[in-house]
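Peer 1: Sequence first, predicted coordinates after that:
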Amino acid sequence: MANPSGNKKTNNRRKRPTNQQSGARQKQQRTPQAAATTSTPATPRASVEGARTASRRTNKKEIAQAQAKKKKQLQLIIGGVAAAVVVAVIVIFLNRPSDSGKQIDYSGLEVAQSGIVASQGTAVASPEVTEPLAFATGATVGDPNAPVTMHIFSDFQCHFCLQFHDDTLPLIVNDFVKTGQVKLVYHDFPRLGTDPAIANPDDFTVEIRDPNNESSLAAQAAMCAGEQDTYLEMSDKLFGNYGGVQQGAYKRSNLNRYADDLGLNMDAFNTCMDEQRYVPALAQSVEQGQSQGITATPMFILDNGAEEVTVIQQTAEGYNLMKKQIELAIDTAP
Amino acid sequence: MAGLRNPFTIASLALATVGLILSAYLTYVHYNIDALVCGTGGCELVQTSEYSEMFGIPIAIFGLLMFITVIAGVILRERRPETGDLVSTGILMILLTAVLYWVYLTWLELNVIHAICQWCVMTSGATVLLLGVEATRWYRNYTQIGSE
């Protein structure tokens, strides 16, 4: 039977000795027992205390190690998060949208404002106009003798028109207009949102349906800017401030701000806008574009002087296909 | 590799694989726009916008590289546990940067491009979930230090 300290308990049961024997034996036994009593009892207690102390030291050490490890991990993750935020901010800054939008480089090109704005009158198209494509609300850009004329029908609220303006138009200007092979003619075709106005094709009277339609307001602003030779700059400004359909980007107060930014004569601009001077022209632009097969925006007509013109639009192939179509028109020009 | 039975590891690998497949598709579509299938109607506009590239490289390729790096990191962490702390931190850093940039891209879609690309939304979702899984894993490991 073991005692709690683990030492084997001495069996005290023995045969009762005689007096003589017990005395001698007790004497004999006492000495070893006495020796045993004085040396052995100290070891079990010391071992217990020693083990407990060692265990406490080990625990403290482990706790300290764990805390150090936690601290290190926390420092690592805080540093990582900070680095991630800094990298993200830098990358976002480098890829932020341009405040002024895409500016098309027309430098070195001949620009003629619309014949309609040049007249600065209420532009009601003459019924004698037999070539609807000559009825352009926007500017003409490029060599007047270029073999191919590219008519661009666009709506400032149309997001594909924005994409064309930003991504494809610069390529066309660079590859074809600056080389004298193509001249561009801009036609405003405001038809997104509610019908701003419609024109009666028989007598060219115009019914204004929604004076607050932002496609129409933007196009009016571009034409009023054209009176001050800034149709192209206003177009860039309008696309640069694109805001979706009827979201307020082209409400009157913003248009005034864009005009002011361009340094326009604000009295003249405001008068032009207040009179809704070009609403009839825009309604007719839509009507005549539709008569030429324009059913959406942006759409384009390539006129190389041949008997028939070619109507094209943006496709998933983007500029790759359009470039081939323009080259074909150039190659087949009579 | 016993570590690959860990639910966090399985979840991370699964999400990163989904993200990898989506990024691979978007990379392919960037160069072959005809292959784009879109239910929201705005995918083409987003995929052909100027914001679909960064420094002249399609964003989808960055996504592809990110998911490959995460998968490699997760496997490395399981095979060599001694690299766990550094690898976990690295993965979290990459995912956090990606999520922040994807928040910006979503803002661009809504406020500048005015079109939504469903594939971009799905890729962003996979990245956010992946960040959640890795962050949870890290936190659990952190709180268990010293309590085993």
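Peer 2: Sure, I can see it.

Peer 1: Geometric centre of chain B: which residue is closest?
Peer 2: In chain B, the centroid-proximal residue (Cα atoms, centre = their mean) is residue B:127; its distance is 3.6 Å.

Peer 1: what's the closest non-adjacent residue to that one?
Peer 2: In this structure, residue B:127 finds its nearest non-sequential neighbour in residue B:98, 5.2 Å apart by Cβ to Cβ, 6 or more residues apart in numbering or on different chains. Quick note: C-beta positions are derived from backbone N, CA and C, even for glycine.

Peer 1: next one: phi and psi at the residue nearest to the centre of chain B?
Peer 2: phi -70, psi -40 (degrees, to the nearest 10).

Peer 1: can you pull out the helices in the chain?
Peer 2: Looking at chain A here, since you left the chain open. A:19-39, A:42-94, A:115-119, A:159-163, A:169-172, A:214-226, A:231-240, A:252-261, A:266-274, A:279-291, A:319-331 (DSSP state H).

Peer 1: Hmm, no, I was thinking of chain B.
Peer 2: B:7-31, B:43-47, B:59-79, B:84-108, B:118-144.

Peer 1: Okay, angle between the third one and helix B:84-108 too, please.
Peer 2: If I follow you right, that is helix B:59-79. Interaxial angle of helix B:59-79 relative to helix B:84-108 (axes from the mean of the first three to the mean of the last three Cα atoms, to 10 degrees): 160 degrees.

Peer 1: ok so, going back, and the residue nearest to the centre of chain B, what pLDDT?
Peer 2: Looking at residue B:127, its pLDDT reads 95.

Peer 1: Show the low-confidence segments of the chain, by residue range.
Peer 2: I went with chain A, as the question did not name one. Residues of chain A that meet the criterion pLDDT under 70 lie in A:1-44, A:97-100, A:119-130, A:132, A:204.

Peer 1: other chain: chain B
Peer 2: Within chain B, the stretches with pLDDT under 70 are B:1-4, B:39-41, B:147-148.

Peer 1: mind listing what the residue lying closest to residue A:220 once chain neighbours are set aside touches?
Peer 2: Among residues not flanking residue A:220 along the chain, residue A:278 sits closest, at 5.2 Å (Cβ to Cβ, 6+ apart). The neighbours of residue A:278, taking Cβ atoms under 8 Å, 6 or more residues apart in numbering or on different chains as the test, are A:116-117, A:123, A:137, A:219-220, A:223-224, A:272.

Peer 1: what about residue 103, how many neighbours?
Peer 2: Let's take chain A. When neighbours are defined as other Cβ atoms under 10 Å in any protein chain shown, residue A:103 has 14 of them.

Peer 1: Let me rephrase: I mean chain B.
Peer 2: Neighbour count of residue B:103, defined by other Cβ under 10 Å: 14.

Peer 1: Relative to chain A, how far out is it?
Peer 2: In this structure, residue B:103 and chain A are 9 Å apart, going by Cβ to the nearest Cβ, to the nearest Å.

Peer 1: Ok, residue B:90 next?
Peer 2: Separation of residue B:90 from chain A (Cβ to the nearest Cβ) stands at 7 Å.

Peer 1: Setting aside sequence neighbours, what's the nearest residue to that residue?
Peer 2: Leaving aside its sequence neighbours, residue B:90 sits nearest to residue B:73 (Cβ to Cβ, 6+ apart; 6.2 Å).

Peer 1: That neighbour: what's it in contact with?
Peer 2: The contact partners of residue B:73, by Cβ under 8 Å, 6+ apart, come to B:87, B:90-91.

Peer 1: number of nearby residues for the residue of chain A found nearest chain B?
Peer 2: Closest to chain B within chain A is residue A:66: 2.8 Å, counting by Cβ to the nearest Cβ. For residue A:66, the count of nearby residues is 15 (other Cβ under 10 Å).

Peer 1: same question, the one 10 residues further on
Peer 2: Applying other Cβ under 10 Å, we find 18 other residues in the vicinity of residue A:76.

Peer 1: My guess is it contacts residue B:89. True?
Peer 2: Yes - contact criterion Cβ atoms under 8 Å: residue A:76 and residue B:89 qualify, at 4.8 Å.

Peer 1: What separation is there between the residue of chain B found nearest chain A and residue A:60?
Peer 2: Nearest to chain A in chain B, going by Cβ to the nearest Cβ, is residue B:146, at a distance of 2.8 Å. In this view, residue B:146 and residue A:60 are 12 Å apart by Cβ to Cβ, to the nearest Å.

Peer 1: neighbour count winner among the two?
Peer 2: residue B:146 (14 against 10).
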